[in-house]
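Chemist: Build me a structure from this.
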Amino acid sequence: MKFNSLVIHGGIDGDKATGSVTVPIYQTSTYAQERVGEHKGYEYSRTGNPTREAAEKLIADLENGYAGFAFGSGMAAISSVLMMFKAGDHIIFSDDVYGGTFRVVDKVFKDFGIEYSFVDTSDIANISSHLRENTKAIYVETPTNPLMKLTDIQAVSKIAKDHDLLLIVDNTFMTPYLQRPIELGANIILHSATKYLGGHSDLVAGVVVVDSEALANKMHFIQNAVGAILGPFDSWLLVKGIKTLAVRMDRHCENAARVVEWLKQKSWVNKIYYPGLQADAVKSGQMENYGGMISFEVESEEVLEKVLRNLKTISLAESLGGIESLISVPAKMTHASVPKENRDKLGITDTLIRLSVGIEDVEDIIGDLDISRK
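Modeler: The predicted model follows:
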């Protein structure tokens, strides 16, 4: 089945018991058993719920993985994956990761004895130079948040396989419509499903997709033991959102490309971070388009304030990936938890703006950014 059909008919398609074309919301905590241990596949909704299972099977199909798991947030998904490791294990992370990922690693899992290195994975040589005897995994975000650095997943996969490491990829920005890391050698894929998968800024969710039965068993054990699950109604919202993923992403990509061309002409824009402007855009061709995320640095805080003042179509807000355009200042919002010296080293300056380009009329989006009109 082609992708545009798979987003609509993948996973569990409708309800065979009634003929409903949409998956029902099984808003229940528990399930009746005929005898002790004899049931219809479900015992308790923390362990398994039919609506959540529909979301999980759908994202597994889209990522071409073995199994999927839906969590109460992107951070719950990330934290659950990190729970697969033990004290003394070392993980290499992309340096320019989402601020919440940095925070949970540096402020929570560090206290449990997990060792880590944040390196620029866009330069493959950096990965090899940071390998240790106790390295167990490489965690890649590509494109990164917010500087849109790209990492060659196939190249990292070779390093991981050569050293018997797990390769974990945060695929939030690209979605499986534009990039499928398991097909490129990744073992575990993460999404903040709050973003493009849900697509309508109406739920908070996270998903994990794994490539093997062994990892699926580990992930299910952790999900059930910890209980950071996605509820039935939000699971239904997630399935509903995913059904329009392909058409939404086409419009996000189209609008973002137009906005970038406009920004390139503005003297008050010092630098633009956008995958489509990178010379090779990953030579392996791992991306089918460049997504809807743009970051750009303006020449002064005065200009930044002019951009933010009197926004009409674009909302000043954290998050991204919804149908509406959202703008943020990472240094003061999404990445405020990253120490300033780290931000400065990475290039996350106080005048860096991150724009999640929505699916509105692109002229309205550009009109909001045009400081000459204000």
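Chemist: Report the contact partners of residue 331.
Modeler: 340, 343, 348, 349, 350, 352 (C-beta atoms under 8 Å, 6 or more residues apart in numbering). C-betas here are computed from N, CA, C, even on glycine.
Chemist: now swap in residue 168 and tell me
Modeler: Contact partners of residue 168, counting by C-beta under 8 Å, 6+ apart, are 81, 137, 138, 139, 140, 186, 187, 188, 189, 190.
Chemist: Domain ranges for this protein, per the record?
Modeler: Annotated domains of the chain cover 3-242, 246-373 [automatic domain parsing].
Chemist: ok, of the contacts of residue 168, which one's closest to residue 148?
Modeler: residue 140 (13.7 Å; C-beta to C-beta).
Chemist: So which residues of the chain form helices?
Modeler: For the chain, the helices defined by DSSP state H cover 3-9, 50-62, 74-82, 99-107, 124-129, 153-162, 175-178, 213-226, 232-242, 245-263, 301-308, 340-346, 362-369.
Chemist: Could you check how many residues crowd around residue 209?
Modeler: Taking other C-beta atoms under 10 Å as the neighbour definition, residue 209 ends up with a count of 31.
Chemist: Ok, residue 120 next?
Modeler: Residues lying near residue 120 (other C-beta under 10 Å) number 16.
Chemist: repeat for residue 232
Modeler: Burial of residue 232, expressed as a neighbour count using other C-beta under 10 Å, amounts to 22.
Chemist: now swap in the one 10 residues further on and tell me
Modeler: Around residue 242 sit 28 other residues, with neighbours defined as other C-beta under 10 Å.
Chemist: so how far is residue 76 from it?
Modeler: Distance, residue 242 to residue 76, using C-beta to C-beta, to the nearest Å: 19 Å.
Chemist: how about the helix-or-strand element of the chain with minimal mean pLDDT: buried residues?
Modeler: Among the secondary structure pieces of the chain, namely its helices and strands, helix 340-346 has the lowest mean (mean pLDDT, DSSP states H and E), a mean of 86. Taking 16 or more other C-beta atoms under 10 Å as the neighbour-count basis, helix 340-346 is seen to contain the buried residues 343, 346.
Chemist: As CSV, could you dump the C-alpha coordinates of it?
Modeler: Once non-C-alpha atoms are left out, helix 340-346 reads as follows in CSV (Å, rounded to 0.1, in the frame of the first residue of the first chain):
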residue,chain,number,x,y,z
LYS,A,340,23.8,29.7,28.3
GLU,A,341,27.4,28.7,27.7
ASN,A,342,26.1,25.6,25.9
ARG,A,343,23.6,27.7,23.9
ASP,A,344,26.3,30.1,22.9
LYS,A,345,28.7,27.3,21.9
LEU,A,346,25.9,25.8,19.7
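Chemist: Distance from it to the middle of the chain?
Modeler: Distance of helix 340-346 from its chain centroid, counting by C-alpha atoms, centre = their mean, to the nearest Å, is 22 Å.
Chemist: How about stretch 363-374?
Modeler: Relative to the mean C-alpha coordinate of its chain, stretch 363-374 is positioned 28 Å out (C-alpha atoms, centre = their mean).
Chemist: swap in stretch 60-68?
Modeler: Per C-alpha atoms, centre = their mean, the centroid offset for stretch 60-68 relative to its chain is 15 Å.
Chemist: how about that stretch: buried residues?
Modeler: Within stretch 60-68, the residues scored as buried using 16+ other C-beta under 10 Å are 60, 61, 62, 63, 65, 66, 67, 68.
Chemist: Which of those sits closest to residue 3?
Modeler: Of all the buried residues of stretch 60-68, the one with the least separation from residue 3 (C-beta to C-beta) is residue 62, at 7.4 Å.
Chemist: isn't that closest one right up against residue 3?
Modeler: Yes: in this structure residue 62 lies within contact range of residue 3 using C-beta atoms under 8 Å: 7.4 Å.
Chemist: joint contacts of the two?
Modeler: Shared contacts of residue 62 and residue 3, counting by C-beta under 8 Å, 6+ apart, come down to 176, 177.
Chemist: Sketch out the low-pLDDT regions of the protein for me.
Modeler: Scanning the chain for pLDDT under 70 picks out the ranges 279-284, 374.
Chemist: Distance check, the spatially most central residue of it against residue 319.
Modeler: Most central in the chain under C-alpha atoms, centre = their mean is residue 172, positioned 1.9 Å from the mean C-alpha point. Counting by C-beta to C-beta, the gap between residue 172 and residue 319 amounts to 11 Å.
Chemist: what's the burial count for residue 181?
Modeler: 30.
Chemist: Not counting sequence-adjacent ones, nearest residue to it?
Modeler: If you skip the residues right next to it in sequence, residue 181 has residue 169 as its closest partner in space, 4.0 Å away by C-beta to C-beta, 6 or more residues apart in numbering.
Chemist: and the one you found, what does it touch?
Modeler: Residue 169 makes contact with 139, 140, 141, 142, 153, 181, 186, 188, 189, 190 under the criterion C-beta under 8 Å, 6+ apart.
Chemist: out of the domains of the chain, deepest packed?
Modeler: Among those, ranked by average contacts under mean count of other C-beta atoms under 10 Å, first place goes to domain 3-242 (a mean of 19).
Chemist: That domain: end-to-end distance?
Modeler: Distances were taken as C-alpha to C-alpha, to the nearest Å; on that basis the terminal residues of domain 3-242 are 11 Å apart.
Chemist: Distance check, the nearest residue to residue 336 once chain neighbours are set aside against residue 139.
Modeler: Counting by C-beta to C-beta, 6+ apart, the nearest residue to residue 336 once its immediate chain neighbours are dropped is residue 99, at 6.8 Å. Using C-beta to C-beta, one gets 15 Å for the distance from residue 99 to residue 139.
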